[in-house]
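[1] give me the fold of what follows.
(4 chains)
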Number of protein chains: 2
Amino acid sequence: MPKLGMEPIRKEALVKATIVEIGRVGSLDVTVSQIAKRAGMSSALAHHYFGSKEEMFLAAMRHIMTLYGAEVRGALAAAEGPEGRIRGILRASFSPGNFRREAVGAWLNFWVLAQTAPPAKRLLAIYQGRLRSNLVSALRPLAGDRAEGIAESLGAMIDGLYLREVLKSGPPDGAEAVALALRHLEVELARGAV
Amino acid sequence: MPKLGMEPIRKEALVKATIVEIGRVGSLDVTVSQIAKRAGMSSALAHHYFGSKEEMFLAAMRHIMTLYGAEVRGALAAAEGPEGRIRGILRASFSPGNFRREAVGAWLNFWVLAQTAPPAKRLLAIYQGRLRSNLVSALRPLAGDRAEGIAESLGAMIDGLYLREVLKSGPPDGAEAVALALRHLEVELARGAV
DNA sequence: AAGTTTATTGACTCGTCAATCAACAAAAAA
DNA sequence: TTTTTTGTTGATTGACGAGTCAATAAACTT
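    Residues are numbered from 1 along each chain as shown, chains lettered A, B, ... in the order given. This next block holds a predicted model:
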């Protein structure tokens, strides 16, 4: 039965199952067996490919970040002018793919892990650095030396909206989140113009 | 040796130890033994007084929220005018007592729990309701029917700043957080005036 | 004095789960 | 064809930890 070249297929299945299960249970307390079962294999195989549960979760987060990064790059390429670029970043942040329950739940648990686990901390730093740099470079032409500060507060706003998304009951509403973030931005820029 | 009337003393010690240990370990995976040890008693006694680990953690969060609530009430009583009231709420949110590492770490883990544990969910809803109502009533005279929207975005901002606080390394800096939140507010209000 | 309530803990139960291992199967390489 | 590499799992290990319990003791009640 063993077909060759299963590794990437299995890994992808595990990564997706990890996200689903963590979203379902709401914490990192999911067992490897649960994840493996959802991915259609034994827990031993999951360990075989990833070595440890933490490694599995980190791979899942890398996957989420990769998708997000691709969406941001797409939006940046299509955007016209600095303001369009910022709108693009924000819309990507709250797009249905990234702002869905499971992904946001994964983020929440990732934050917990990043407090103490160095690999998670590093990964988070990379992500935050990219977001920050994207925001700053788009803001620079609009806000000059206020770019850093605005990027900072926009970043906090985005995180806060993610957090509220996990905590609220009811269906996700990316549109409202984008609206709030955009209003914040708009208002900051308007202030600069004054 | 048993002195009577130990219950409140033990409970308080446990509540404080819970916060410290969760802050130290960074997750809810602290053992009851660790907490009990820090509080200077056996784990059996901790179970005797609280029944379960979750109950213990909820008591810790109630404690944190009580302190915060007291500080907010104090600030509101001393504040002059609606804008002063909002500033008071924000300053209380980021005061050294509430914005310290341990407390913020406890919040992060509380959010995780509130995703799924109904008692935590209820407690969070109560807290969020109070914050929202405080903000809205202070904002009403300044922003009229935009009060709800501003309260919403200010709330998200506060959560986001808390989150960033746990994640960043280095000493806590409540002052900068207040500054960011106040700027956000100021800018929202300025926009209303236009 | 006898009985009850409160405080306290060491020892134990019971369950769970990450990680490992031995073993089996099929494809590819030699 | 033998050997090696890749895929796969059931069973097991080993550790850990929440919650219970029996037992001990001091204080308070009657």
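[2] got any ranges where chain A has weak pLDDT?
    Within chain A, the segments meeting pLDDT under 70 span A:1-2, A:192-194.
[3] quick one, helices of it?
    Remark: helices assigned in chain A by DSSP state H are A:7-25, A:32-38, A:43-50, A:53-78, A:81-93, A:101-114, A:118-143, A:147-167, A:174-193.
[4] can you list the buried residues in the second one?
    Of the residues in helix A:32-38, those with enough neighbours to count as buried (16 or more other Cβ atoms under 10 Å in any protein chain shown) are A:Val32, A:Gln34, A:Ile35, A:Ala36, A:Arg38. C-betas here are computed from N, CA, C, even on glycine.
[5] closest one to DNA strand D out of these, please.
    A:Ala36 (7.5 Å; Cβ to the nearest atom of the strand).
[6] who touches the closest one in this structure?
    By Cβ atoms under 8 Å, 6 or more residues apart in numbering or on different chains, the contact list for A:Ala36 reads A:Leu14, A:Ala17, A:Ser42, A:Ser43, A:Leu45, A:Ala46.
[7] for it, give its distance to A:Met6.
    Going from A:Ala36 to A:Met6 by Cβ to Cβ, to the nearest Å gives 14 Å.
[8] neighbours around the one residue in chain A that gets nearest to DNA strand D, how many?
    DNA strand D sits closest to A:Ala44 of chain A, with a gap of 3.1 Å, by Cβ to the nearest atom of the strand. A:Ala44 has 10 neighbours, counted by other Cβ atoms under 10 Å in any protein chain shown.
[9] residues in contact with it?
    Contact partners of A:Ala44, counting by Cβ under 8 Å, 6+ apart, are absent.
[10] from the contacts of A:Ala36, which would you call buried?
    Using 16+ other Cβ under 10 Å, the buried ones in these are A:Leu14, A:Ala17, A:Ser43, A:Ala46.
[11] tell me the residues on chain A that lie near DNA strand C, please.
    A:1-4, A:29-33, A:43-44, A:47, A:51-54 (Cβ under 7 Å from any atom of the strand).
[12] B:His63: which of these is nearest?
    For the residues of chain A next to DNA strand C, the closest approach to B:His63 (Cβ to Cβ) belongs to A:Asp29, at 24.5 Å.
[13] check the gap between the closest one and chain B for me.
    From A:Asp29 across to chain B, the span is 9 Å (Cβ to the nearest Cβ, to the nearest Å).
[14] what about that residue, neighbour count?
    For A:Asp29, using other Cβ under 10 Å, the count is 13.
[15] so what's the backbone phi/psi at it?
    phi -80, psi 0 (degrees, to the nearest 10).
[16] distance of it from B:Leu108?
    Counting by Cβ to Cβ - A:Asp29 and B:Leu108 are separated by 16 Å.
[17] whichever residue of chain A sits closest to chain B - how many residues pack around it?
    Among all residues of chain A, A:Gly160 sits closest to chain B, at 2.8 Å; criterion: Cβ to the nearest Cβ. Using other Cβ under 10 Å, the number of residues around A:Gly160 comes to 25.
[18] excluding chain neighbours, what is closest to it?
    In space, A:Gly160 comes closest to B:Gly160 once its chain neighbours are excluded; the distance is 2.8 Å by Cβ to Cβ, 6 or more residues apart in numbering or on different chains.
[19] who's in contact with the one you found?
    Counted by Cβ under 8 Å, 6+ apart, B:Gly160 has contacts A:Gly155, A:Ala156, A:Met157, A:Ile158, A:Asp159, A:Gly160, A:Leu161, A:Leu163.
[20] separation between the second one and A:Leu123?
    Looking back up the chat, that one is A:Ala156. Counting by Cβ to Cβ, the separation of A:Ala156 from A:Leu123 is 19 Å.
[21] higher neighbour count, the two?
    More crowded of A:Ala156 and A:Leu123, by other Cβ under 10 Å: A:Ala156, with 25 against 18.
[22] the more buried one is in contact with B:Ile158, isn't it?
    No. Assessed by Cβ atoms under 8 Å, A:Ala156 is found out of contact with B:Ile158, at 9.0 Å.
[23] and for A:Thr66, the neighbour number?
    By other Cβ under 10 Å, the burial measure for A:Thr66, its neighbour count, is 10.
[24] please tell me how far it sits from DNA strand C.
    23 Å (Cβ to the nearest atom of the strand, to the nearest Å).
[25] repeat that for A:Val112.
    Relative to DNA strand C, and taking Cβ to the nearest atom of the strand, A:Val112 is found at 15 Å.
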